[in-house]
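In: Next comes the sequence, and after it the predicted model I'd like to discuss.
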Amino acid sequence: MLAISGPRTGMRIKLGETTSIGRGESATVVLEDAAVSRDHAVVSRKGLGWFIEDTGSTQGTWVNRERLAGRRALLPNDEIRIGATRFLFDSDFDIQNADYTDRSVYFSSHTEDTMEVHPVAVLDAGRDASQPAGAELDFVVRLGELFDATHVGFADAMRGTCERLAEMFHTDALLFMLWDSAADSLRTTVAVSKDERFQADSAIIRRAWSERRALLVSDRREAGHPAPDAPKAPPTRSVLAAPLLAGGTAIGLLYFQRGKLDAYSLVDLRNARAVANLMAVFVEARQKAEARTFRETFRRGETRMVGSGSAMGAVLDMVGRVADSDATILITGETGTGKELLAQEVHQRSSKARARGPFVPVNCSAVPETLFESAFFGHEKGAFTGAFRMQPGILEQATGGTVFLDEIGELSPAMQPKLLRFIQEFSFSRVGGNRTLRADVRLIFATNRDLAREVAEGRFREDLYHRISVIPIHLPALRERREDIAVLAEYFAALHAKKLGRDIAGIGREALVLLEKYGWPGNIRELSNCVERAVLLADERILLPRHFSFAPAGRSPASRSPAATMSMAEVEKLHIESVLGSCDGNQVRASEVLGIHRNTLRKKIAEYGLKT
């Protein structure tokens with residue numbers, strides 16, 4: 001046994017067949033402590049096992065925070081408290097390599113856990129509540145949900161698991177962090193806190209991460225000089241930090257904190273380490289499985305959305321929950337984040353009848369105000385000059401399917417009440433007609449504007465805003481979901497290579513790191529264009545850093561890449577020339593591949609002096 005706290009800290013005891021502990025001189029181990037009885041307890045060996053028994057002490061003998069009643073078998077890593085002294089029995093923390101001071105024990109092996117404690121009274125106080133019966137089994141079930149994609153999404157499972165952990169460890173604050181390889185830092189994925197002013201101890205996090213071992217720290221005071229307006233750190237606290245190790249590689253970290261002295265014990269430290277290692281296996285397996293699923297789905301052409309990380313995973317989880325409902329959806333996000341693709345994903349996941357119907361996209365900013373009503377509701381013959389025949393509108397064309405209204409924030413004030421009236425009743429009349437028609441359509445809206453601000457400033461109707469945002473879904477920017485960049489880049493490389501007829505085998509690791517570190521102000525659209533240029537310009541089957549060009553220097557560290565040596569006009573010229581070659585000079589086919597009008601292509605051919 002090793003005394004890990006109290007007046008005899010550091011004392012190692014080699015147990016005999018019978019070892020008595022007490023204050024009396026006849027005891028094998030004498031503890032000069034008023035709280036210890038003369039004959040306090042005895043540790044004995046019976047066959048292959050070890051047992052401890054209280055011999056009528058006044059203050060009691062405690063094993064793992066429970067007062068001993070009768071004889072009890074001892075197991076490795078059991079904690080025994082007798083008076084002010086706490087012992088560790090047959091530890092797998094390698095107690096023979098433990099260093100100690102007059103106050104604490106430090107387990108010095110770099111392959112084992114570390115316990116660092118400062119006050120003399122450390123570890124004397126146990127938790128103020130014990131774990132409920134069956135808690136361990138319940139937690140295993142909770143962790144199992146990480147694998148069960150049909151039961152709960154990854155983001156929800158992580159949140160639920162962390163909330164359960166916070167309960168089991170009776171913590172005031174918990175952080176679940178994952179390593180962001182692109183940013184070279186730990187990123188908080190889930191935070192559970194009873195106090196919005198909670199501050200984690202970054203020094204402990206850095207140490208646990210860098211040393212790859214769990215730490216228990218008691219009475220850790222805030223280091224440094226915080227800003228005058230910063231929240232005041234608690235005077236005392238107890239902290240547990242345990243890295244998530246998968247195959248020897250750290251992929252994340254668990255952090256627990258309580259604003260109380262000696263709130264955690266070595267049992268909590270071991271439990272935190274075990275939980276972190278178990279979560280590491282689950283998280284790694286789930287991430288790999290999701291990435292594999294998305295790649296296979298891309299190959300089958302079933303979806304164009306990707307999201308193996310938690311940010312996009314939460315979005316796709318929401319899509320799965322609301323797809324079968326006909327409630328209106330408002331998709332928000334920056335330009336280029338893929339709002340129309342997400343709307344198509346909702347449509348494809350809708351009920352079979354709705355998914356078989358048409359998906360009709362409408363860009364509100366591209367339709368003139370004078371034509372919007374006619375385009376949306378249709379018109380009767382003779383409704384206005386040039387209306388030579390009845391023309392059904394978008395609503396009738398999309399019957400049974402989905403209408404996607406992009407850039408809804410650009411809708412003119414004159415058209416907003418007319419759209420509101422339709423949403424309220426899903427009935428309308430064609431321009432110039434008096435017959436009421438009904439439309440069986442689902443409406444999905446999107447905008448890159450802050451509509452709540454537009455409402456506050458009087459540019460968008462408040463009642464319309466509430467009608468279109470029954471289910472709001474926010475698409476994160478690409479820089480907020482860096483874990484998806486590599487998968488997206490590989491997908492675009494294969495897509496553009498096939499379209500351009502280029503023999504590209506993939507993207508090199510160094511190039512992927514470069515892409516992951518870039519800021520992507522243009523989001524997924526910019527990434528697709530960047531990869532397309534690289535595919536076009538590549539002189540090897542593997543795309544390397546020199547094949548990629550970015551925006552002007554200053555926007556991102558990656559933008560200073562020496563690959564940015566060609567102007568956009570030069571890149572465009574090469575691109576058009578390559579596409580024309582792959583289409584055997586057929587301008588109609590080339591314009592379709594390029595996504596531009598045939599007249600625009602002809603102007604570009606003349607401008608660049610290309611031969612056809």
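Out: Yep, that arrived. Residues are numbered from 1 along each chain as shown.
In: need the helix or strand of the chain with the lowest average pLDDT.
Out: Every helix and strand in the chain was compared by mean pLDDT, DSSP states H and E; the lowest is strand 114-115, with a mean of 40.
In: Can you show me the CA trace of the helix or strand hosting K603 as PDB?
Out: Element membership for K603 (DSSP states H and E) is helix 598-608. Extracted in PDB, the C-alpha atoms of helix 598-608 (Å, rounded to 0.1, in the frame of the first residue of the first chain):
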ATOM      1  CA  ARG A 598     -23.800  29.700 -75.700                       C
ATOM      2  CA  ASN A 599     -23.600  33.400 -76.700                       C
ATOM      3  CA  THR A 600     -21.400  34.000 -73.600                       C
ATOM      4  CA  LEU A 601     -19.100  31.200 -74.700                       C
ATOM      5  CA  ARG A 602     -18.900  32.600 -78.200                       C
ATOM      6  CA  LYS A 603     -17.800  36.000 -76.700                       C
ATOM      7  CA  LYS A 604     -15.200  34.300 -74.600                       C
ATOM      8  CA  ILE A 605     -13.800  32.400 -77.500                       C
ATOM      9  CA  ALA A 606     -13.500  35.600 -79.500                       C
ATOM     10  CA  GLU A 607     -12.000  37.500 -76.500                       C
ATOM     11  CA  TYR A 608      -9.300  35.000 -75.900                       C
END
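In: Pull out the buried residues from it.
Out: Of all the residues in helix 598-608, those buried under the rule 16 or more other Cβ atoms under 10 Å are 601, 604-605. To be clear about C-beta, it is placed using only N, CA and C from the backbone, and glycine gets the same treatment.
In: got it, and stretch 171-188?
Out: Buried residues in stretch 171-188, defined by neighbour count with 16+ other Cβ under 10 Å: 171-179, 182, 186.
In: and of those residues, the nearest to L254?
Out: L254 lies nearest to F176 out of the buried residues of stretch 171-188, by Cβ to Cβ, at 6.1 Å.
In: Validate this expectation: that closest one resides in a strand.
Out: Yes - with DSSP: H, G, I helix; E, B strand; the rest coil as the criterion, F176 is part of a strand.
In: Surely it and L186 touch.
Out: No - using Cβ atoms under 8 Å, F176 makes no contact with L186, being 10.2 Å away.
In: Which strands or helices does the helix holding K603 pack on?
Out: Packing partners of helix 598-608 (3 or more Cβ pairs under 8 Å, 6 or more residues apart in numbering; DSSP states H and E): helix 568-582, helix 587-594.
In: mean pLDDT lowest for which of these?
Out: For the helices and strands packed on helix 598-608, the weakest mean pLDDT is recorded on helix 568-582, namely a mean of 71.
In: SS state for R467?
Out: Look at R467: counting by three-state DSSP, its state is helix.
In: For L515, give me its contacts.
Out: Taking Cβ atoms under 8 Å, 6 or more residues apart in numbering as the criterion, L515 is in contact with 485-486, 489, 507, 527, 530, 548, 558.
In: now, which of those residues sits nearest G433?
Out: Nearest to G433 among these: L527, at 46.2 Å, using Cβ to Cβ.
In: contacting residues for that closest one?
Out: By Cβ under 8 Å, 6+ apart, the residues touching L527 are 478, 485, 488-489, 492, 515, 520.
In: what about it, distance to V513?
Out: Distance, L527 to V513, by Cβ to Cβ, to the nearest Å: 14 Å.
In: ok, now L15?
Out: 54 Å.
In: Could you find the closest non-adjacent residue to T436?
Out: Excluding its sequence neighbours, the residue lying closest to T436 (Cβ to Cβ, 6 or more residues apart in numbering) is S427, at 5.3 Å.
In: Actually, Q397.
Out: V360 (6.0 Å).
In: Make sure I have this right: the one you found is in a helix.
Out: No - V360 is assigned strand when assessed by three-state DSSP, not a helix.
In: my read: it touches E396, true?
Out: No - using Cβ under 8 Å as the test, V360 is too far from E396 to be in contact (10.2 Å).
In: Need the nearest residue in space to V239, chain neighbours excluded.
Out: Take V239 and drop its neighbours on the chain: the residue closest to it by Cβ to Cβ, 6+ apart is V217, 4.7 Å away.
In: So what pairs up with the closest residue to A263 other than its chain neighbours in the strands?
Out: Sequence neighbours aside, S238 is the residue nearest to A263 in space, at 3.8 Å (criterion: Cβ to Cβ, 6+ apart). Beta-bridge partners recorded for S238 (DSSP bridges): S218, R258.
In: these two touch, right, S238 and D201?
Out: No - the criterion here is Cβ under 8 Å, and S238 misses it with D201 at 10.7 Å.
In: Neighbour count: the two, which is higher?
Out: A side-by-side neighbour count of S238 and D201, using other Cβ atoms under 10 Å, places S238 first with 27 against 21.
In: mind checking pLDDT for the more buried one?
Out: So, for S238, pLDDT stands at 82.
In: can you check P361 too?
Out: The score at P361 is 90. That number is its pLDDT.
In: Need the nearest residue in space to it, chain neighbours excluded.
Out: Counting by Cβ to Cβ, 6+ apart, P361 lies nearest to F404, which is 4.5 Å off, once chain neighbours are set aside.
In: Am I right that the one you found sits in a helix?
Out: No - going by three-state DSSP, the assignment for F404 is strand, not a helix.
In: if we can go back for a sec, just the buried ones from the contacts of L527?
Out: Buried subset of these (neighbour count, 16+ other Cβ under 10 Å): 478, 485, 488-489, 492, 515, 520.
In: and the residue nearest to V239, how many neighbours does it have?
Out: Using other Cβ under 10 Å, V217 is surrounded by 23 other residues.
In: how much space between it and A191?
Out: For V217 relative to A191 (Cβ to Cβ), the value is 19 Å.
In: just A203 next, same as before
Out: To A191, A203 is 18 Å away according to Cβ to Cβ.
In: beta partners for V29?
Out: Counting by DSSP bridges, the residues bridging with V29 are I21.
In: Could I get the contacting residues of it?
Out: When contacts are counted by Cβ under 8 Å, 6+ apart, V29 touches 13, 19-22.
In: and if you look at L330?
Out: L330 touches 408, 445-447, 451, 468-473, counting by Cβ under 8 Å, 6+ apart.
In: cool, V441 as well?
Out: 395, 398-403, 426.
In: residue boundaries of the helices in the stretch 1-150 of the chain?
Out: Ranges of helices in the stretch 1-150 of the chain, per DSSP state H, counting those that start in this stretch, are 135-144.
In: what ranges of it fall below the confidence cut-off?
Out: Applying pLDDT under 70 to the stretch 1-150 of the chain flags the ranges 91-150.
In: all strands of it, in order?
Out: For the stretch 1-150 of the chain, applying DSSP state E, counting those that start in this stretch gives strands covering 2-5, 18-22, 29-30, 41-46, 49-54, 62-63, 66-67, 71-73, 79-82, 85-88, 98-100, 105-107, 114-115.
In: Out of those, indicate the one that is most buried.
Out: The highest mean neighbour count among the strands of the stretch 1-150 of the chain, using mean count of other Cβ atoms under 10 Å, belongs to strand 2-5: a mean of 25.
In: Against which helices or strands is that strand packed?
Out: Using 3+ Cβ pairs under 8 Å, 6+ apart: strand 2-5 touches strand 85-88, strand 105-107.
In: The same query, at a cut-off of 6 Å, please.
Out: strand 85-88 (3 or more Cβ pairs under 6 Å, 6 or more residues apart in numbering; DSSP states H and E).
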